[in-house]
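Q: after the sequence you'll find the predicted model.
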Amino acid sequence: MNPILLIRWLLQGEWHSHRLQSIIAVLAIMFGVALGFTIHLINTAAVSEFSAATRSLSGTSDLTVRALRPTFDESLYPTLMQYEEVVQASPVLEITVGIPTRAETMHNPVLKILGLDMFRALSVTPDLLGVPAEDNPMDALADDAVFLSPAAMEWLSVKQGESIEVSMGTKQITLRVAGGLARAHTGQRIAVMDIGAAQWRFDQLGQLSRIELKLQQGANHTAFQEMLSKKLGTSYLLTESQDDDMRAHNMSRAYRVNLSILALVALFTGAFLIFSSQILSTIRRRSQFALLRVLGMTRRQLLYQLLLENGLLGVLGSLLGLALGYLLATMALHHLGADLGAGLFPGLKPQLHPDPLAAVLYFLLGIGVTVLGSLLPAWEAAHAHPASALKSGSEYTVLAALRVPRLAAACLLVGVIFTGLPPIDDLPIFGYLAIALLLTGSMAALPYLCGLLFSTLLRTLNSSKSNILYTLAITRLSNASGLAAIALGGILVSFSLMVAMAIMVTSFRISVNNWLAQVLPADLYLHPITHQDTRGFTPDEQQIITTHPDIARTDFIRSIPLTLDPARPDVTLLARPINQDDPGLTLPLTKNILPSDDIPPDTIPIWVSEAMVDLYGFKIGKRITLPFTTDPEQTFIIAGIWRDYGRIFGAIQMQLSDYRRLTGDNHASDAALWIKPGITIHTAVSALKALPFGDVLEIMETGQIRAVALKQFDRSFAVTYLLELVAIGVGLMGVAASFSAQMLTRIRELGMLRHIGLSKQQIRHMLTLEGGLLAGFGVATGFILGTGISLILIFIINPQSFHWTMQLHMPWTWLLLMALAVLGAAVLTAHATSRRAVSGNVIRAVREDS
Amino acid sequence: MRYLWILLGWLLFQNTLLSAPPVLAPVVPGKTFEFPEDHGAHPDFRIEWWYVTGWLETPANRPLGFQITFFRLATQTDNDNSSRFSPDQLIIAHVALSDPAIGKLLHDQKVARTGFGLAYAKTGNTDVKLDHWTFLRETDGRYQADIKADDFTMKLSLTPSQPLLLQGENGFSRKGPKAAQASYYYSEPHLQVSGAVSYQGKDIAVTGTAWLDREWSSEYLDPDAAGWDWISASLDDGSALMAFQIRGKDDSKIWAYAVLRDASGHVQTLTPDQVSFHPIRTWRSARTQAVYPVTTRIRTGETEWQIAPLMDDQELDSRASAGTVYWEGAVTLTRDGQPAGRGYMELTGYIQLLTM
């Protein structure tokens, strides 16, 4: 016979008889590949866009000098020009302004303005030069002129010659759009103006954000960098463009890795599904294979045939997955932005780049996972001895191979050990491995546990008093536990993942909610339309707010970004009035605080977020220096650690009075207001809006902030909810598939039962009961496993990847509902599939046995 | 003369409302020059320059031409802008070296706003700086120029050998038919040069003769002007010649002037109708397609001068940076057919687009 024809026949046969199982397997692979590929595409687009945009701001600069605080004194600029190695030094003042006209429709509507000296920038960042109208060349130096990138012009819907209104703090400034930029990075919203004008108009006299250096050709760049960094000391940073790439990469890493893990979970769920359906399929087709072997098919041919069958499913699933992944990435970039709504890359519009290499990788991963899932059953089928395999009942030898209690115990043990290991390179690798091992171990232990449970049940069973159907079901489950466990695997995996996610998300949500209540004690919060505004509220404006008749108490907060490590994103410094006697009243402290007697008088207490401990080693009692003070020798002592769900890159809090004394900066970025009793929030808000600077204020009620924060929280877990649904769907379909497969292998057994007097109805009841018992066992095991995984997620994965801790909260009602739903669904599935088992002719069913 | 036209055209912007607009000083006849103060900068005037051109000779008796120019430019910047980066004064510098063995100019240019000690033009005496380029007048009257350009360096000392030459009516030099179209203008011919230049890996000791032009003004040229031709020469017999004409857009002569001072100090000035330029041979630049009358006949009164370039290609093409294109080069002169000496000629407005 033509071997190709044979292969086709076998494939067609399988397809026709097990359409549902095949479709589910393809879907699982598709979701896994699609999710992984989407995350990869989005992240590549975002990071490459961010890097390209950052690099375009540095042009051909060899070295960028910046300070650890946002700006530094301009006197460094002539100093740098003195070095012989420096061919050109281009000073830059970077200012983030608000766009009041966009405040209605978007959150934090900011525009970055670069103040440049065009004569210096000409040879360093020529692309960023403003292009004035031909008849107004001097606009390039004019103090009211601004040059906008095409994306900025589009965003602000302005043309050359028109004006834009920008805000800095409460101050509004009108600028004339004098032209475009020489060659702006596509999609980048940016503006350029003369550096002198920018310093003057935005009250930044004497300040620079960075200096771009062009070094002499042939000069030893590394040696110069070392020499200069020694000269400048620790409060300045020297960076090359690849450092910025690193920073961009680090920014989204935690999100990226965690989402990729979710993709892997989907993929391996698919692999497991293929494994379980394949085991059943090989059991069912055992005599078919034996016949083929007897007819002359070699082991190798049979193995290839089986791998091909599954490989084809893998190919189909992977191809669909790639297409879906590309589609999802396009949609996500369009609707959510590059960080999936996390707000990491504002002002950018990344383009999706087709990535053939990654596509091939994900394609191979999809196929590999499929082949991996079918390898063991196929190998076993190919190596079974044809003569014995032709005999009935031999399928149980297959299942004996699955009883691997030692492997299971080893997996579980190693998994538990892994939970105690530290992160690798800031990533909770061992945490994830522990989850994978616990899942694998539990699955491997299932046949054993299943047998153990049901044989114990059988032994304690008083057969005379019990229902005959119940006895039959228990006996069956106790003796054929291997087969039962296969149906159980799907329930175990999906339910445990559901439980884990439900516990984790609930714990997280309640912790965030409690945290919000603690960090938002006031009635109203207000700030200018841009976050971390450098100007914010002036002392006069603070006075106006404080003395407002509707306001009982005001706390002002100063918030500035600080760079502590050039390869990491900035941390936030928050200065606010903190209760000296009990800082826990102001801050959501987690651990024991340093007693105030232990704070030496020459140091200043600071309270750091949990991320600072992990990322910078800021432990309680440690003395450090910080780069924002005028006196670099001033030491600070870490007096406490607080929980922060808002800033994963780290934050530091200190007394506002200390900050003001150290910096002389009397401005405030935000204000927290308590209104007087008897005055409604509505009245107070209207009164504040009527202030002279009321129209550039963002006023938020505390309830509103909490609602928005929780909405954002829920949105960021939307992907997780979706995955949970997919997982439970996949699990149930697995139950259905393996039940119906089992029914076919048990036709003879069921026929016998009918011969000895059981009615169709009774058999269906018995099968449903079996299903219920199994599902109940699966749900119970899944609950234990899921709780274990949730503990890993809560106490290992979250602290290690996002650097925050949370308290455990069990969503009992929700868990009970889920358990009942899964149980009900499993019972219904079992009941539905049992119809097929009893539909055949009793005589024929038994004759098959002859 | 020189850049006036371009730079002032550049400044034709009045569309901003300034809270404290800068007030520029007018050029009026009858000013008494005071030195060394007038060697220094005059920041109240819109534009000013220190313009050195001359011939050098290498130890192997090979001739080289050179140009070192510093401009100071007052912009229309709000006086209330207290930023140290406020671009109220700009310094612009052009330098060039002509070597017939190379066949084209080595040149470089820079622009910077004043401030931070990186770029300035000081008052009181000549002291101008732009990054690492400096031009300084010492108390004994000697000038020191120190230039490190991209392709060459020049370190030259220029010693006066003759008195200053006040142009026009005691330094009041008219530039057009309107009285306001004028500048303060004096020259120092026959500066004795010694120093070193280095390029293409060679350090060469040089001596030579140079001409310094000092000019400042607030008024711009006639709106019909398209360009100008200018020549200066420290002649072999110790006399000094300077002549220029301003051309209209229709190639007509809008204004012209010439002065000839002989070795004994006798000065002859010539009125616009006594001075005329007549192209003899043109050269087309392959870079810019501009056509320059590099060989020219000039009549000053009864005298006829014939000008020939040291080499044809002395075009300064800075479109990539400052955006200007002009011809500025070393030339030899004959007077009524007899060799008379060496000088420098400038030809501007021969390319269509002149924007900066």
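A: Received it, and whenever you're ready, just let me know what you need. Numbering: from 1, shown residues only, chains lettered A, B, ... in the order given.
Q: so for chain B, the centremost residue is which one?
A: B:Tyr51 (4.1 Å; Cα atoms, centre = their mean).
Q: surely that residue is in contact with B:Trp216?
A: No. Taking Cβ atoms under 8 Å as the definition, B:Tyr51 is not a contact partner of B:Trp216, at 11.5 Å. (Each C-beta comes from the backbone N, C-alpha and C, glycine too.)
Q: chain neighbours aside, what residue packs nearest to the residue nearest to the centre of chain B?
A: B:Asp213 (4.1 Å; Cβ to Cβ, 6 or more residues apart in numbering or on different chains).
Q: kindly report the same for A:Thr768.
A: Take A:Thr768 and drop its neighbours on the chain: the residue closest to it by Cβ to Cβ, 6+ apart is A:His831, 4.4 Å away.
Q: check the gap between that neighbour and B:Leu105 for me.
A: With distances taken as Cβ to Cβ, to the nearest Å, A:His831 is found 96 Å from B:Leu105.
Q: ok, those two, which is more surrounded?
A: More crowded of A:His831 and B:Leu105, by other Cβ atoms under 10 Å in any protein chain shown: B:Leu105, with 23 against 17.
Q: name the nearest residue to that one, sequence neighbours excluded.
A: Once flanking residues are discounted, B:Leu105 sits nearest to B:Ala96: 4.8 Å by Cβ to Cβ, 6+ apart.
Q: the one you found: what's it in contact with?
A: Listed by Cβ atoms under 8 Å, 6 or more residues apart in numbering or on different chains, the contact set of B:Ala96 reads B:65-67, B:105-108, B:314, B:316, B:328.
Q: look up how far A:Ala575 lies from it.
A: For B:Ala96, the distance to A:Ala575 - Cβ to Cβ - is 57 Å.
Q: same question for A:Phe37.
A: Separation of A:Phe37 from A:Ala575 (Cβ to Cβ): 45 Å.
Q: hey, what's A:Ile95 bridged with?
A: Beta-bridge partners for A:Ile95, by DSSP bridges, are A:Ile113.
Q: contacting residues for it?
A: A:112-115, A:168, A:198, A:202, A:204, A:534.
Q: in the helix or strand encompassing A:Met498, what's buried?
A: Element membership for A:Met498, per DSSP states H and E: helix A:481-519. For helix A:481-519, burial by neighbour count (16 or more other Cβ atoms under 10 Å in any protein chain shown) applies to A:481-509, A:511-512, A:515-516, A:518-519.
Q: what's the answer for stretch B:291-300, then?
A: B:292-296, B:298-300.
Q: any idea how far whichever residue of the stretch 601-750 of chain A sits closest to chain B lies from A:Ile578?
A: Nearest residue of the stretch 601-750 of chain A to chain B: A:Gly664, at 18.9 Å (Cβ to the nearest Cβ). From A:Gly664 across to A:Ile578, the span is 20 Å (Cβ to Cβ).
Q: does the nearest residue to A:Gln351 once chain neighbours are set aside lie in a helix or a strand, and which?
A: Excluding the flanking residues, the one nearest A:Gln351 by Cβ to Cβ, 6+ apart is A:Ala45, at 6.4 Å. Applying DSSP H and E as the criterion places A:Ala45 in helix A:19-58.
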